[in-house]
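1. Only the shape, not the letters, is given here:
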């Protein structure tokens, strides 16, 4: 384990034995993080059947690793965390444990109504961020949520805010349904936590002391465990006060040599500690606080880009899951203001298709894709085949190369995803149908010839076709044409149930914008917050393209993510 490697502690408790999915959650998190642990990206320890003494003992045992992240899964209430032995650990009791382990900077309290504990924890400890729930949640959903978070935060190396954004995007439909007033008086809560009593809120919240912690990631979170500038200045002030008091006492004790010597040693120790604290302050300022204008700009660009990537179409998401199947396809339709690339971006992540592990082939039928499909593959794959006279055997050779050398890397095990992104601007969909049908016929032949039929059942990587149709206006007849094409492909045995047509995308509502701003507190540094939702909605009429254009004008700097969509 390297000195800079962050350390996580996971605790699980099921005191009444009704959490059917908590064991799955524990085991799946362990499996998910094993690879990164073996590569010393992070270290972690699990505490099954967690009790108060057991948690304290494990914190002491692993103190040398300076754990910076604590996760709890189980039952909770406004009183505290319910542990395996039936005892309840209150927020103040938990705070005392965390105070003795000051390296802990982030908590994930994956238990019912755990947000009621947040204020006391943030007030009493050095913890800077807490993910907690605003109401009761199903344990099956809670298990999925935690796995999704660590998939993005650890495996994909996203920042805390980015990982939460993906979580929000994945499970935004899981909102709190208000059943009764909270048992904690509203007057006891700060302004942020008062929002917990509102309806239609995402069940998992991200609560922070400061905006800087939102940029924490597995690459830098352990650095957050070091002394901050504020903590350092508080230490300096305390040492100065203690030194002044010790010097006064030493002067008064000049006639007592024994006491005078004790105070002299104490004064010297305080002076040394004060010098070290002042030296540390200089280091902190130089390494952490000094940022150039360019660095601040790049940070702002990154923060805004991360937030923009969470804009999505909830109704269209979550309906397309391959569930281990190696092939699939999806038809997305909407007008040009929808910016369907945002939905495309989300759907890739829905199926765990990541940028560093995919080979994407974009086609634009405006340049006659159907005539050039095989020609383009020859060109992209750099094959020595006559593109002017493509024969049946040539097509089989193209697919063999794509499967064997690209998809499987020559070892018979799929190791990267193949994505065909097709812009469907052609009015005639019959040729699209024939092209896809022909592709899969040759695919089946090649899989058989390469003896990969059995191995294919265990492939985790995928061949995906995304058909993107941005029309000037959403057209009902066009939708019917797509549905007919998909039906005919399924009847031929191609795609089976893995090719679907999504309903046309809707515009964003004012409430959608408000919820989006509320989930992106880091945007406040640029003057962007929920108070602008109504204004932006009225100016954009809810179209994604116009929303992006307005946001770009408000921040006053170039946003690469927006520029991708050629929005001026």
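-> Nice, thanks for sending it over. Because the structure is predicted, anything quoted here is derived from the model rather than measured. Numbering: from 1, shown residues only.
2. Spatially central residue for this structure, please.
-> Note on the chain: the residue nearest the mean C-alpha position is residue 163, at 1.9 Å, using C-alpha atoms, centre = their mean.
3. how near is it to residue 69?
-> 12 Å (C-beta to C-beta, to the nearest Å). From N, CA and C alone the C-beta is placed, and that goes for glycine too.
4. which ones are touching the residue located most distally from the centre of the chain?
-> With distances taken as C-alpha atoms, centre = their mean, the residue sitting farthest from the centre of the chain turns out to be residue 255, at 66.1 Å. Going by C-beta atoms under 8 Å, 6 or more residues apart in numbering, residue 255 touches no other residue.
5. What is the neighbour count of residue 254?
-> Here the number of neighbours of residue 254 (other C-beta atoms under 10 Å) works out to 10.
6. these two touch, right, it and residue 260?
-> Yes: proximity of residue 254 to residue 260 meets the contact threshold set by C-beta atoms under 8 Å, at 5.8 Å.
7. the bottom helix or strand of this structure by mean pLDDT?
-> helix 191-194 (a mean of 46; mean pLDDT, DSSP states H and E).
8. Quick check: next helix or strand after that one?
-> strand 204-208 (DSSP states H and E).
9. Need the mean per-residue confidence for that following strand.
-> Mean per-residue pLDDT for strand 204-208: 86.
10. Which residues does that strand contact?
-> Taking C-beta under 8 Å, 6+ apart as the rule, strand 204-208 contacts 115, 118, 122, 128-134, 137, 145, 160-161, 164, 167-168, 171, 174, 192-193, 196, 214, 519, 521.
11. of these, buried ones?
-> By neighbour count, with 16 or more other C-beta atoms under 10 Å, the contacts of strand 204-208 hold 115, 118, 122, 128-134, 137, 145, 160-161, 164, 167-168, 171, 174, 193, 196, 214, 519, 521 as buried.
12. which stretches of the stretch 401-550 of the chain form helices?
-> In the stretch 401-550 of the chain, the helices defined using DSSP state H, counting those that start in this stretch lie at 430-449, 453-456, 476-491, 510-518, 533-540, 544-555.
13. right, and these - which one's nearest residue 526?
-> Proximity to residue 526, assessed across the helices of the stretch 401-550 of the chain by C-beta to C-beta, is greatest for helix 544-555 (5.3 Å).
14. tell me the mean pLDDT for the helix or strand just after that closest one?
-> As assigned by DSSP H and E, the chain's next helix or strand after helix 544-555 is helix 560-563. Helix 560-563 shows a mean pLDDT of 73.
15. What lies in contact with helix 560-563?
-> 301, 304, 305, 308, 309, 548, 549, 551, 552.
16. The helices of the stretch 401-550 of the chain: lowest mean pLDDT?
-> helix 453-456 (a mean of 79).
17. and that helix, which residues are buried?
-> 455, 456.
18. can you pull out the strands in the protein?
-> Applying DSSP state E to the chain gives strands spanning 7-12, 43-47, 69-76, 80-82, 88-90, 106-111, 129-133, 204-208, 327-335, 358-363, 417-423, 463-471, 499-501.
19. Let me see the domain layout of this structure.
-> Partitioning the chain according to automatic domain parsing yields domains covering residues 7-224, 229-290, 294-308+508-563, 319-501.
20. Please work out which of those domains is packed deepest.
-> domain 7-224 (a mean of 18; mean count of other C-beta atoms under 10 Å).
21. Could you report the separation of residue 361 from residue 428?
-> 21 Å.
22. shouldn't residue 339 be in contact with residue 548?
-> Yes: checked against C-beta under 8 Å, the pair residue 339 and residue 548 is within contact range at 7.0 Å.
23. Overlap in contacts, those two.
-> residue 565.
24. hang on, the earlier thing: show the pLDDT at the residue farthest from the centre of the chain.
-> Reading off the model, residue 255 has pLDDT 83.
25. what are the phi and psi angles of it?
-> Phi and psi for residue 255, reported as degrees, to the nearest 10, are phi -80, psi -10.
26. Where does the prediction get shaky in the stretch 151-300 of the chain?
-> The stretch 151-300 of the chain contains residues with pLDDT under 70 at 172-201, 223-229, 279-296.
27. just so I have it, where are all the helices in it?
-> So, for the stretch 151-300 of the chain - with DSSP H, counting those that start in this stretch - the helices run 160-171, 191-194, 221-224, 229-252, 257-284, 293-308.
28. Now render those helices as JSON lines, adding distance to residue 64.
-> Converted to JSON lines, those look like this (distance: least, C-beta to C-beta, whole Å):
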{"stretch": "helix 160-171", "distance to residue 64": "25"}
{"stretch": "helix 191-194", "distance to residue 64": "35"}
{"stretch": "helix 221-224", "distance to residue 64": "13"}
{"stretch": "helix 229-252", "distance to residue 64": "21"}
{"stretch": "helix 257-284", "distance to residue 64": "21"}
{"stretch": "helix 293-308", "distance to residue 64": "33"}
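29. what's the closest of the strands of the chain to residue 61?
-> From these, taking C-beta to C-beta, the stretch that ends up closest is strand 43-47, at 8.3 Å.
30. so what secondary structure elements neighbour the closest one?
-> Here strand 43-47 touches strand 7-12, helix 22-38, helix 52-61, going by 3 or more C-beta pairs under 8 Å, 6 or more residues apart in numbering; DSSP states H and E.
31. Partner strands of the first one and their direction?
-> This points to strand 7-12. The strands beside strand 7-12 in its sheet (DSSP bridges) come out as strand 43-47 (parallel), strand 69-76 (parallel).
32. Select, out of the ones you listed, the one closest to residue 442.
-> Short answer: strand 43-47, nearest of the strands paired with strand 7-12 by C-beta to C-beta, at 45.6 Å.
33. what is the orientation angle of the closest one with helix 52-61?
-> 160 degrees (axes from the mean of the first three to the mean of the last three C-alpha atoms, to 10 degrees).
34. tilt between strand 43-47 and helix 22-38?
-> Strand 43-47 and helix 22-38 meet at an angle of 160 degrees, taking the same axes, to 10 degrees as the criterion.
35. picking up where we left off before, what's the overlap in contacts for residue 254 and residue 260?
-> Common neighbours of residue 254 and residue 260, using C-beta under 8 Å, 6+ apart, do not exist here.
36. so who does the closest residue to residue 235 other than its chain neighbours touch?
-> The shortest distance from residue 235 to any non-neighbouring residue, by C-beta to C-beta, 6 or more residues apart in numbering, is to residue 277 (5.2 Å). The neighbours of residue 277, taking C-beta under 8 Å, 6+ apart as the test, are 232, 235, 236, 239.
37. mind redoing it with 6 Å?
-> Taking C-beta atoms under 6 Å, 6 or more residues apart in numbering as the criterion, residue 277 is in contact with 235, 236, 239.
38. ok so, going back, do I have it right that the residue nearest to the centre of the chain meets residue 150?
-> No: using C-beta atoms under 6 Å as the test, residue 163 is too far from residue 150 to be in contact (8.1 Å).
39. What residue, apart from its backbone neighbours, is nearest residue 115 spatially?
-> residue 132 (4.1 Å).
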